[in-house]
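next input, structure requested:
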Amino acid sequence: MKLIRKFYRGLRFVYYETARMYSWVITRFKFYLNDVKFHNDFISYGIPILDISPDSSFTIGKKFRFNSGKYHAMGGRQQQCYFVAAKGGEIIIGDNVGVTSIAIICHSKISIGNNVKIGINTVIYDTDFHSLDAKVRNQYPESIEGVKRRPVIIHDGVFIGGHTTILKGVTIGENAIVGAGSVVFQDIPAEQIWAGNPARFVKNTYSNELKKVVNE
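Take a look at the predicted model:
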């Protein structure tokens, strides 16, 4: 039995190492086909889904890391990563960003700074997708005229817990923390912790509290 277990564990190790290599190759090819600007030092566990309009842009900084799919960074509610940019959309991801099974749906602009960590199953939308006017929304075919869209800006050092929803027009300040399962529809200042549905202020980060003590 011990030999069987060792063989199984060895097989798993080989599988994951092989998966990482072929994921990187296929992802690089998909980035190229979608005209994504990227660096070759990215680490890919799994293959993302991309839908990048020719009239949009997608830029990725150095040392990008992501887990995509049900066999990587298993934390429940696994999915592939989705990177979608509609006509006129602009996605910018900075250096040293790590994400797991996220969806970025961009119709305006979504900007993620350096050293940002985004937890599993988080979604970021910069659009309402549908009109808020019932007459327009209920037309057949449905009209997207007047659908609201506003940029989402996530500054350096932000940590976003898993299963969070970030909606249009939100700015999250430097080193802020968003608790798991939050729904964010308003700005979060730098060095603060917010959580809940809707997300509300919980407390200052450790760094912010330390600054207060030093200043006192």
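
wait, a strand at Leu3?
No: counting by DSSP: H, G, I helix; E, B strand; the rest coil, one finds Leu3 to be helix, located in no strand.

what separation is there between it and Arg9?
Separation of Leu3 from Arg9 (C-beta to C-beta, to the nearest Å): 11 Å. To be clear about C-beta, it is placed using only N, CA and C from the backbone, and glycine gets the same treatment.

who has more neighbours, those two?
Neighbour count, other C-beta atoms under 10 Å: between Leu3 and Arg9, Arg9 has more, with 10 against 7.

so how far is Tyr8 from the residue lying farthest from the centre of the chain?
For the chain, the residue at maximal distance from the C-alpha centroid (C-alpha atoms, centre = their mean) is Met1, at 42.1 Å. Going from Met1 to Tyr8 by C-beta to C-beta gives 10 Å.

likewise Pro141?
Pro141 is 53 Å from Tyr8, by C-beta to C-beta.

so where does Tyr32 fall, helix or strand?
Taking DSSP states H and E as the definition, one finds Tyr32 inside helix 2-33.

which is the next helix or strand following that helix?
For helix 2-33, the following helix or strand on the C-terminal side (DSSP H and E) is strand 43-45.

quick check: closest non-adjacent residue to the most centrally placed residue in the chain.
Computing the C-alpha centroid of the chain and ranking residues by C-alpha atoms, centre = their mean puts Ile102 first, at 4.6 Å. Closest residue to Ile102 apart from its sequence neighbours, by C-beta to C-beta, 6 or more residues apart in numbering: Thr122 at 4.9 Å.

next one: Trp194
Ile188 (5.0 Å).

please report how far the one you found lies from Gly94.
Separation of Ile188 from Gly94 (C-beta to C-beta): 18 Å.

who has more neighbours out of the two?
Neighbour count, other C-beta under 10 Å: between Ile188 and Gly94, Ile188 has more, with 24 against 20.

which residues does the more buried one bridge with?
With DSSP bridges applied, Ile188 shows beta-bridge pairing to Ile172.

that one touches Gly179, doesn't it?
No: the pair Ile188 and Gly179 fails to qualify as a contact (C-beta atoms under 8 Å) at a distance of 10.9 Å.

between these two, what contacts are shared?
Shared contacts of Ile188 and Gly179 (C-beta atoms under 8 Å, 6 or more residues apart in numbering): 194, 199.

Ser108 and Val147 touch, don't they?
No: if you go by C-beta under 8 Å, Ser108 and Val147 don't touch, sitting 10.5 Å apart.

residues touching His155, list them.
Counting by C-beta under 8 Å, 6+ apart, His155 has contacts 113, 171-176, 190.

give me the pLDDT value at it.
pLDDT, His155: 98.

just Lys212 next, same as before
58.

same check, this time on Ala73
At Ala73, pLDDT is 64.

before we move on, what about the one 5 residues further on?
With respect to pLDDT, Gln78 scores 79.

what does Asn208 give?
66.

could you number the chain from 571 rather than 1 from now on?
Will do, 571 is the new start, and the previous item becomes Asn778.

shaky segments in this structure?
Applying pLDDT under 70 to the chain picks out residues 577, 583, 641, 643-644, 778-786.
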